[in-house]
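**Student:** With the sequence up front, the predicted model follows.
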Amino acid sequence: MKSFFHVSDIGDLSKALEEAKQVKETPFAWKHLGENKTIMLVFFNSSLRTRLSSQKAALNLGMNPIVLNIGQDSWKLETEMGVVMDGDKSEHLREAIPVMASYCDIIGVRSFANLKDRDYDYAETVLSQFVQYSGKPVISLESATVHPCQAFADLITIEEHKKTRRPKVVMTWAPHPKALPQAVPNSFAEWMCAADVDFVITHPHGYELDPKFTEGAVIEYDQMKALEGADFVYAKNWSCPGVTDPSQYGQILSKDMGWTVDAAHMAVTNNAFFMHCLPVRRNMIVSDEVIDAPTSLVIPEAANRVVSIQVVMKRMLEELQK
Ligand code: CP
């Protein structure tokens with residue numbers, strides 16, 4: 001595996017889920033693979049789960065993780081080509097990436113969308129420079145448009161808890177005070193469309209995700225109707241993806257608290273499990289009683305972040321041994 005950005009990078013999902021099961025049961029069984037190997041984890045943005053689960057997975061595989069917080073531990077980096085660097089950014093990615101790559105075998109990158117320029121974000125401008133200039137396998141640790149490690153962990157969690165062969169999974173938009181990127185819903189949609197589930201997306205008008213991530217999904221604008229009979233409810237906020245009106249890209253179009261997932265919403269489901277990638281704003285995205293209920297999977301979902309990224313790292317290490 002040369003890179004991990006999309007569901008297609010993991011190949012057959014049943015095989016990946018079986019591998020995830022093995023990794024979860026025997027996390028140290030592949031410790032020899034990472035001997036004398038280093039992974040560089042580069043963070044342009046904050047993180048709790050991704051940072052810790054990546055380090056834990058690397059250690060389980062016998063690898064040395066190095067974490068770099070750009071702008072705090074390092075110089076501030078310029079990411080755009082052709083600019084006069086007369087501001088506060090002291091170094092360009094063009095030099096920083098090959099330097100970082102010379103110290104490691106695999107690179108993980110967290111670099112959020114700026115939500116100002118849709119073309120810049122959807123071209124994955126930062127992540128693609130890591131691919132172009134590092135010469136190393138690259139993992140998206142949530143980049144401008146995708147968060148594949150999260151989506152894979154979500155799929156593992158659904159597989160572990162499903163009560164029917166083909167469960168109904170509903171991803172619902174929910175309100176948030178700040179404009180958030182579309183990486184999590186994009187990847188969740190992409191992975192659910194490839195998985196053996198009935199997948200429904202519900203959101204207010206104007207929040208349509210990029211169709212390249214939602215092919216095969218049912219879009220239902222009536223949230224209650226969408227939630228009827230759901231086995232899993234996946235809540236997430238995202239800002240306007242700018243699909244129907246590019247001038248609205250990154251904007252907050254609604255703060256309708258009627259979309260907050262509460263007991264009344266869960267009552268129309270098939271006693272559904274509640275899921276969220278975390279961090280979550282309580283009583284904005286989800287009510288206390290729903291996230292605190294026994295049917296809430298937010299903690300096992302976060303725990304599975306170690307499993308998902310360990311499968312990815314393991315495959316990259318196996319590839320490096322060839
Ligand atoms: N879900 C997730 O990626 O969490 P962090 O932002 O804390 O890494």
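**Tutor:** Sure thing, it's come through.
**Student:** now the strands: where do they sit in the stretch 1-150 of the chain?
**Tutor:** Secondary structure of the stretch 1-150 of the chain (DSSP state E, counting those that start in this stretch): strands at 3-4, 38-43, 64-69, 77-78, 91-92, 106-110, 138-140.
**Student:** And the ones you listed: which comes nearest the ligand?
**Tutor:** strand 106-110 (7.4 Å; Cβ to the nearest ligand atom). The C-beta positions use only the backbone N, C-alpha and C, and glycine is treated the same way.
**Student:** just the CA coordinates of that closest one, formatted as CSV?
**Tutor:** Provided in CSV are the C-alpha atoms of strand 106-110 (Å, rounded to 0.1, in the frame of the first residue of the first chain):
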residue,chain,number,x,y,z
ILE,A,106,6.3,6.1,6.5
ILE,A,107,4.7,9.6,6.9
GLY,A,108,1.3,10.4,8.4
VAL,A,109,-0.1,13.9,7.8
ARG,A,110,-2.9,15.8,9.4
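**Student:** Tell me if that strand is near the ligand.
**Tutor:** No. Against the ligand, strand 106-110 shows no contacts by Cβ under 6 Å from any ligand atom, the least distance being 7.4 Å.
**Student:** Give the other helices and strands that that strand contacts.
**Tutor:** Judged by 3 or more Cβ pairs under 8 Å, 6 or more residues apart in numbering; DSSP states H and E, strand 106-110 is in contact with strand 38-43, helix 125-134, strand 138-140, helix 298-321.
**Student:** In JSON lines, list those along with mean neighbour count, mean pLDDT and distance to Phe274.
**Tutor:** Formatted as JSON lines, those follow (neighbours: other Cβ atoms under 10 Å; pLDDT from 0 to 100; distance: least, Cβ to Cβ, whole Å):
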{"stretch": "strand 38-43", "mean neighbour count": "22", "mean pLDDT": "98", "distance to Phe274": "28"}
{"stretch": "helix 125-134", "mean neighbour count": "20", "mean pLDDT": "97", "distance to Phe274": "30"}
{"stretch": "strand 138-140", "mean neighbour count": "26", "mean pLDDT": "98", "distance to Phe274": "26"}
{"stretch": "helix 298-321", "mean neighbour count": "21", "mean pLDDT": "98", "distance to Phe274": "7"}
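**Student:** Out of these, the one nearest the ligand is which?
**Tutor:** Closest approach to the ligand among these (Cβ to the nearest ligand atom): helix 298-321, 7.0 Å.
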